[in-house]
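Peer 1: Got a predicted model here, sequence first, then my questions.
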Amino acid sequence: MIFAAASLADAFDEIGAAFSAQHSGVEVILNYGASSTLAAQIGEGSPADVFASANERQMGVAQAAGRVTGDAPIFATNHLVVITPIGNPAGVQSLADLARPGVHVLLAAPGVPVRDFAEAVFDRAAADSSFGSDYKQRVLANLVSEEQNVRHVTAKIALGEADAGVVYVTDVSSSVSGRLAVVEIPPQFNITAHFPIGMISDSKQPALARGFVDFVLGPEGQRILAQWGFSPPPGG
Amino acid sequence: MLLVLPPLVLLLLMVIPPAALALRAAAAPIAALELLNRPLLMAVALSLTTTAISTVIILVLGTPLAFILARYRFPLHDFINLIVELPIVLPPVVAGLGLLMAFGRSSPIGALLQQVGLGLPFTTVAVVMAQVFVAAPFYVRTAQVRFAAIPNELDEAAAISGGGQWDFFWYVAIPVSRSAMLAGLVLSWARALGEFGATLMFAGNLPGRTQTMPLLVYGAFERDVNLALWTGLVLVAIALCALAVGRLLAKGSSLPTAPLP
């Protein structure tokens, strides 16, 4: 049973199938959700073997609960983009446009890693004089909903229900990509999201769990992750 | 023994979760001031106002519907009955998805509304719509059964004394059905209060605008389990109070206005 961040869904579906094929058809059950939801569930004792989080903070929650005791290496990195529905109804051309009055902005709920990263981007922009120091407050004033995980943001933007959202660049390569337009975030404001993976210490199948972690870190797992747009871990 | 054990198992299943909620919350007390923090207060206020509005809408629109379904036969009668019952068995998430497809910005209706500046998704109006959709059947069903039980003689008597169908509806059917209507309303209101899936799908989740108490419980669970526990406990308390008040009212009004079986 693999608990993985929602943003990993496409890549981990493929990794799970490849791992299963390599281990004589062992059943890989994948449970996706916001890393914060998964970490809370792991903390409450959900049976799991591996946790792949979208940030180190939520891995820390699982570690603080005593469920992840070994090391939790970074297996991939990611960065953020602004997405709009394909016609871009609000004419969002840049990060600054998110703060324009009347733009309906969608973000993940507080605590979900992508929300923390998005706020870090807003903080960096607010420190730049061309955005204005109240930039972050103005963006948050445009917020119409706090979604449960990053894929809900992507799905509702793809449906055209809101004007713009902040997601990982890898979310755009998911099945909804044909209905999304991407506005790049300038590198000086963007962040690098580090995705850690750890074995649950009371896993009932520690050998398989260890094998899965190694598989993700190994060449085959890394190849699949790269195919879905993830960047390799620093130094990797 | 066979008559005691099964009910006991069921009762335990129903009693233990709320009790565990209370015990866990009591073991992790949060300061009274913290309990009155803004997300919780906003969620309580939003839940109470939206469910009050939903209940009034259900009463006003649902009573004539229940009356017509109970007292008349017409083409598609059974089909309409089925439609009215559908939200009871439909998973709320599906209801929310349907509402989003029907009234979302990319739908024809939604696009039209958008043009006149009435975007529905992510608004408090959407919360009320979701609640009415999922909760109305409970009232309509209860009222319909009661209206159907009114003896035809009363209908005829009303007609003889010169009253039309409206007079029968207004002066006979509603007064004799008050307690059943009230019981149905309490059911609907309780269902609206607990509404989660359709709201999350269609109305989204924003404190003060669309984040009702069930959404706060879900959202708080991953950030602050204590807040989730206490919000849940407040929900249990509100629900218990409402049920008790509903029963009292139903009892009180059934004495003078229930001359019929």
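Peer 2: Looks like it arrived, so ask away. Numbers count the residues shown, from 1 in each chain, chains lettered A, B, ... in the order given.
Peer 1: contacting residues around the nearest residue to B:Leu99 once chain neighbours are set aside?
Peer 2: Spatial nearest neighbour of B:Leu99, excluding adjacent residues (CB to CB, 6 or more residues apart in numbering or on different chains): B:Phe202 at 4.1 Å. For every residue, glycine as well, the C-beta is placed using N, CA and C. Each residue near B:Phe202 by CB atoms under 8 Å, 6 or more residues apart in numbering or on different chains is listed here: B:96, B:99-100, B:103-104, B:120-121, B:126, B:129-130.
Peer 1: Equivalent analysis for B:Pro214, please.
Peer 2: By CB under 8 Å, 6+ apart, the residues touching B:Pro214 are B:193-196, B:199, B:235.
Peer 1: pLDDT score for it?
Peer 2: Predicted confidence (pLDDT) for B:Pro214: 94.
Peer 1: and the helix or strand where it lies, how far out from the chain's middle?
Peer 2: Secondary structure from DSSP states H and E places B:Pro214 in helix B:213-221. Per CA atoms, centre = their mean, to the nearest Å, the displacement of helix B:213-221 from the mean C-alpha position of its chain is 19 Å.
Peer 1: and the closest residue to chain B within chain A, what helix or strand is that in?
Peer 2: Per CB to the nearest CB, A:Ser145 is where chain A lies closest to chain B, at 2.8 Å. Assigned by DSSP H and E, A:Ser145 falls within strand A:143-147.
Peer 1: quick one, that strand and helix B:213-221 angle?
Peer 2: Relative orientation of strand A:143-147 versus helix B:213-221 (axes from the mean of the first three to the mean of the last three CA atoms, to 10 degrees): 70 degrees.
Peer 1: So for the one helix or strand B:Ala135 maps to, mean pLDDT?
Peer 2: Assigned by DSSP H and E, B:Ala135 falls within helix B:124-148. Average pLDDT, helix B:124-148: 96.
Peer 1: Stretch A:115-130 too?
Peer 2: 94.
Peer 1: Any chance you could list what contacts that stretch?
Peer 2: A:55, A:57, A:80, A:95-96, A:107-109, A:131-136, A:139-140, A:146, A:166, A:185, A:188-191, A:193.
Peer 1: Which ones among the residues you listed lie within helices?
Peer 2: For the contacts of stretch A:115-130, membership in helices holds for A:57, A:135-136, A:139-140, with DSSP state H as the criterion.
Peer 1: Tell me if I'm right that B:Trp230 and B:Ala25 touch.
Peer 2: Yes - counting by CB atoms under 8 Å, B:Trp230 does reach B:Ala25; the two are 5.4 Å apart.
Peer 1: Just want to know which of the two has more residues nearby.
Peer 2: Just comparing B:Trp230 and B:Ala25: by other CB atoms under 10 Å in any protein chain shown the higher neighbour count belongs to B:Trp230, 24 against 21.
Peer 1: Can you give me the distance of the more buried one to chain A?
Peer 2: Per CB to the nearest CB, to the nearest Å, B:Trp230 is found 16 Å from chain A.
Peer 1: Determine the three-state secondary structure at that residue.
Peer 2: Classification of B:Trp230 using DSSP: H, G, I helix; E, B strand; the rest coil returns helix.
Peer 1: Quickly list the domain ranges of chain A.
Peer 2: According to automatic domain parsing, chain A comprises the domains A:2-77+A:194-227, A:80-184.
Peer 1: Including mean neighbour count and distance to B:Thr210, could these go into TSV?
Peer 2: Shown next, in TSV, are these (neighbours: other CB atoms under 10 Å in any protein chain shown; distance: least, CB to CB, whole Å):
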stretch	mean neighbour count	distance to B:Thr210
domain A:2-77+A:194-227	19	18
domain A:80-184	20	7
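Peer 1: And the contacts of B:Pro214, which is closest to B:Ala20?
Peer 2: B:Leu235 (14.6 Å; CB to CB).
Peer 1: And the helix holding B:Ala135, what does it pack against?
Peer 2: On a contact count with 3 or more CB pairs under 8 Å, 6 or more residues apart in numbering or on different chains; DSSP states H and E, helix B:124-148 meets helix B:38-71, helix B:77-89, helix B:92-103, helix B:178-194, helix B:197-202.
Peer 1: one more time with 10 Å, if that's ok
Peer 2: helix B:38-71, helix B:77-89, helix B:92-103, helix B:174-176, helix B:178-194, helix B:197-202 (3 or more CB pairs under 10 Å, 6 or more residues apart in numbering or on different chains; DSSP states H and E).
Peer 1: Find the one among these with the highest mean neighbour count.
Peer 2: Mean neighbour count (mean count of other CB atoms under 10 Å in any protein chain shown) peaks for helix B:197-202 among the helices and strands packed on helix B:124-148, with a mean of 25.
Peer 1: how distant is that one from the center of its chain?
Peer 2: Distance, stretch centre to chain centre, for helix B:197-202: 15 Å (CA atoms, centre = their mean).
Peer 1: pLDDT weak spots in the chain?
Peer 2: Going with chain A. Across chain A, the ranges flagged by pLDDT under 70 are A:174, A:236.
Peer 1: sorry, should have said chain B
Peer 2: Along chain B, the model assigns pLDDT under 70 to residues B:30-37, B:250, B:252-261.
Peer 1: Could you check how far the residue positioned nearest the centre of it is from B:Gly246?
Peer 2: For chain B, the residue sitting closest to the mean C-alpha position, by CA atoms, centre = their mean, is B:Ser188 at 2.8 Å. Between B:Ser188 and B:Gly246 the computed distance is 11 Å (CB to CB, to the nearest Å).
Peer 1: for A:Phe117, same thing?
Peer 2: A:Phe117 sits 47 Å away from B:Gly246, going by CB to CB.
Peer 1: just to revisit the earlier point, residues in contact with the residue of chain A closest to chain B?
Peer 2: Contact partners of A:Ser145, counting by CB atoms under 10 Å, 6 or more residues apart in numbering or on different chains, are A:104-109, A:152-153, A:156, A:161-162, A:165, B:121-122, B:200, B:203-206, B:209-211.
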